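Q: here is the input, now give the coordinates:
(one chain, ligands or ions: 1)
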Amino acid sequence: MSTVAVETLDAIVVGAGFSGLYQLHTLRDQLGLSVKLLEAGNGVGGTWYWNRYPGARCDSESHSYAYYFSEELLQEWTWSERYPGQAEILRYLNHVADRFELKRDIRFGARVSQASYDAAANRWQVRTEAGETYRARFLITAVGCLSSANIPDIPGLESFAGAWYHTGQWPHQGVDFAGKRVGMIGTGSTGIQAAPVIAASAQHLTVFQRTANYSIPARNAPLDEEFKLWARDNTSRIREVMHGTPNGHPFVIEDRSAHDVTPEQRQAIYEAAWEKGGLQFRAAFRDLLTDQAANDTASEFLRSKIGEIVKDPGTAAKLAAIDHPFATKRPPIDTNYFETFNRDNVTLVDVRATPIERITPDGLMTRDGTLYPLDIIVFATGFDAMTGPLLKMDIRGDGGVSLRDAWHAGPITYLGLQTPGFPNLFTITGPGSPSVLCNMPVAIEQHVDWITDCIRDMRARGLTRIEATPEATQRWVEHVNEAANATLLPKAGHSWYLGANIPGKPRVFMPYAGGMARYRATCADVAARNYEGFARTA
Ligand code: N01
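A: Residues are numbered from 1 along each chain as shown. Sure thing, here's the model as predicted:
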């Protein structure tokens, strides 16, 4: 009979992206806990480890897409472009992991398959797919919001004679599109980034669009020395701005309504924002996400831009037939997306009008019987967002209750941090927290710091168990709903914010739309009131 070794620790962290790396650092190096980080991939980076598709780049500006907890780290790292590309972010996260000697406590290639709470011992037992077992008092999931790939169930995929890839599971050696007929399904942030780069080398690119999308030019460019110096000299100011804004970006939302200005002034403001590029467009007026008529002005402007750029009127009309208000789905930013449809080797197919019927050995067939011959299919079809990565792990709380059952009608959390019945389990940027509505590193640092402070406080008081109360959780879930309904965000009925992109998933608005600054204040207040809404015991 063989015995299986079980490693016992103070805390287990799952996931080696931005959040897991920082959480490992604080628990180990600030609190002195024994910590193991379990990571499915063979390197650090999380989303930036997996998403290596052509054109992958962040839409947060590089000086804000970074850790701000260490001034030394801020001073020693320099970004090269306005928006960081996937490879540069991966280099940065490896630098962080090496600098803080994190890799020695990371188990790579360890995908967590099950986690269960042992009430008698007040410990979590975590198993990996390879059968390794770990036990720890605290379990912290740092698995990201967009890490569970959505590959749509299209009949015939298994018969396809060519190659196919999901953008979130991109081969590390890259894909050679030269001389290939490529079909790309999906026109979210990913597809909009990938299309121009694929089109540049493919023989032909066919973009299958189900929902037309707004997009704003990123205006990416190398950073000049003056900006680099400014960013390095102004870290405190930048942090202050990011912490003060609802979405954690390093720019303020203009305190004016779209109705406060004349149509000519508004046009000039939008033109300037379009020229500047990036997510700042959304900050041109304070009411773009709360007032339909205000939003209409931005939506109209952006649709008219498509008409100006795209030369073929039929293609332009399909691209501009957008069915939701601007920014109610995550607004993509691009480099030459609409311009790509002026290329001779690019075709747009409207699969809302003629849905995809099936995949054949030779390509993709739409319901009208048209076969699009393809050598490669790229699925830019998004993710089972927010809940997907957590539910995949088969998490079982007190009494063996599964998280899947607890969340059968949608995620139920207190502050996005905990779920009743799952003591000592913390989720970083989980549903019910600002997460994907915020510049992620800002949301991540706040969560990690809060969790670290909470555990530090428990240890100082000799407490070993923390669980969100059902009453506080109920109130928070209601507040999350109210916050979403106070905005236009739920109006994009098919968005992944609502889980609507996954068949059978409950339609619940998952992120907290009340703003990061307000959320930060709420969490601080909860802690100051002796962790109000959490039951903490010895
Ligand atoms: O995924 P998505 P994504 N048949 O879900 C379509 C972040 N991100 O990977 O809208 C046909 O947004 C689907 O159509 P519809 C960012 O937060 C950031 O692009 O469901 N089409 C949609 O067009 C982003 O929001 C960055 O009708 C199908 C597309 O696939 C999030 O990741 C870059 C289909 C999926 O769009 C996810 O973005 C990239 C089907 N069966 C991503 N199934 C930056 O920082 C799905 N679609 C810049």
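Q: contacts, neighbours, all on C-alpha from now
A: Noted.
Q: quick check: residue 457 vs residue 77, distance?
A: Separation of residue 457 from residue 77 (C-alpha to C-alpha, to the nearest Å) stands at 33 Å.
Q: and this structure, which of its residues are near the ligand?
A: When proximity is defined as C-alpha under 6 Å from any ligand atom, the chain approaches the ligand at 57-59, 152, 185-191, 210-211, 330, 380-383, 494, 496, 501.
Q: check those for burial and list the buried ones.
A: 57-59, 185-191, 210-211, 330, 380-383, 494, 496, 501 (16 or more other C-alpha atoms under 10 Å).
Q: how about the contacts made by residue 27?
A: Taking C-alpha atoms under 8 Å, 6 or more residues apart in numbering as the contact definition, residue 27 lies against 11, 33-35, 452.
Q: in stretch 147-154, what's buried?
A: When burial is assessed from 16+ other C-alpha under 10 Å, stretch 147-154 yields the following buried residues: 147-151.
Q: as JSON lines, those with secondary structure and pLDDT would be great.
A: Conversion of these to JSON lines gives the following (DSSP: H, G, I helix; E, B strand; the rest coil; pLDDT from 0 to 100):
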{"residue": "147", "secondary structure": "coil", "pLDDT": "94"}
{"residue": "148", "secondary structure": "coil", "pLDDT": "96"}
{"residue": "149", "secondary structure": "strand", "pLDDT": "96"}
{"residue": "150", "secondary structure": "coil", "pLDDT": "97"}
{"residue": "151", "secondary structure": "coil", "pLDDT": "97"}
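Q: take the residues you listed and write them to CSV, including distance to residue 429.
A: Below are these laid out as CSV (distance: C-alpha to C-alpha, whole Å):
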residue, distance to residue 429
147, 13
148, 15
149, 18
150, 20
151, 23
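Q: residues near the nearest residue to residue 248 once chain neighbours are set aside, how many?
A: Residue nearest to residue 248 in three dimensions, not counting chain neighbours: residue 242, with 4.4 Å by C-alpha to C-alpha, 6 or more residues apart in numbering. If you count neighbours by other C-alpha atoms under 10 Å, residue 242 ends up with 22.
Q: other residues contacting stretch 309-325?
A: Stretch 309-325 is touched from outside by 211-214, 292, 295-296, 299, 303-304, 306-307, 338-339, 341-342, 348, 350, 488, 491-492, with contacts defined as C-alpha under 8 Å, 6+ apart.
Q: mind giving me the ChimeraX command for buried ones among the residues you listed?
A: Buried members of these can be picked out in ChimeraX with the line below, counting by 16+ other C-alpha under 10 Å:
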select :211,212,213,214,292,295,296,299,303,306,307,338,341,342,348,350,488,491,492
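Q: any idea how far residue 296 lies from residue 518?
A: When distances are taken as C-alpha to C-alpha, residue 296 and residue 518 turn out to be 27 Å apart.
Q: now do residue 242
A: The gap separating residue 242 from residue 518 is 12 Å, by C-alpha to C-alpha.
Q: quick one: contacts for residue 346?
A: By C-alpha under 8 Å, 6+ apart, residue 346 lies in contact with 199, 204-207, 340.
Q: ok, residue 420 next?
A: Applying C-alpha under 8 Å, 6+ apart, the residues near residue 420 are 413, 467-470, 473.
Q: would CSV of these with neighbour count, secondary structure and pLDDT be doable?
A: Output for the contacts of residue 420, formatted as CSV (neighbours: other C-alpha atoms under 10 Å; DSSP: H, G, I helix; E, B strand; the rest coil; pLDDT from 0 to 100):
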residue, neighbour count, secondary structure, pLDDT
413, 26, coil, 98
467, 20, strand, 98
468, 25, strand, 98
469, 19, coil, 98
470, 18, helix, 98
473, 21, helix, 98
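Q: what residues are up against the closest residue to residue 166 other than its chain neighbours?
A: The shortest distance from residue 166 to any non-neighbouring residue, by C-alpha to C-alpha, 6+ apart, is to residue 379 (4.5 Å). Contact criterion C-alpha under 8 Å, 6+ apart gives 151, 164-167, 184-186 as the residues in contact with residue 379.
Q: ok, now with 7 Å
A: The contact partners of residue 379, by C-alpha atoms under 7 Å, 6 or more residues apart in numbering, come to 151, 165-167, 184-186.
Q: and residue 418, by the same measure?
A: When contacts are taken as C-alpha under 7 Å, 6+ apart, residue 418 is in contact with 425-427, 468.
Q: just the contacts of stretch 309-325: which are in strands?
A: Among those, DSSP state E puts 348, 350 in strands.
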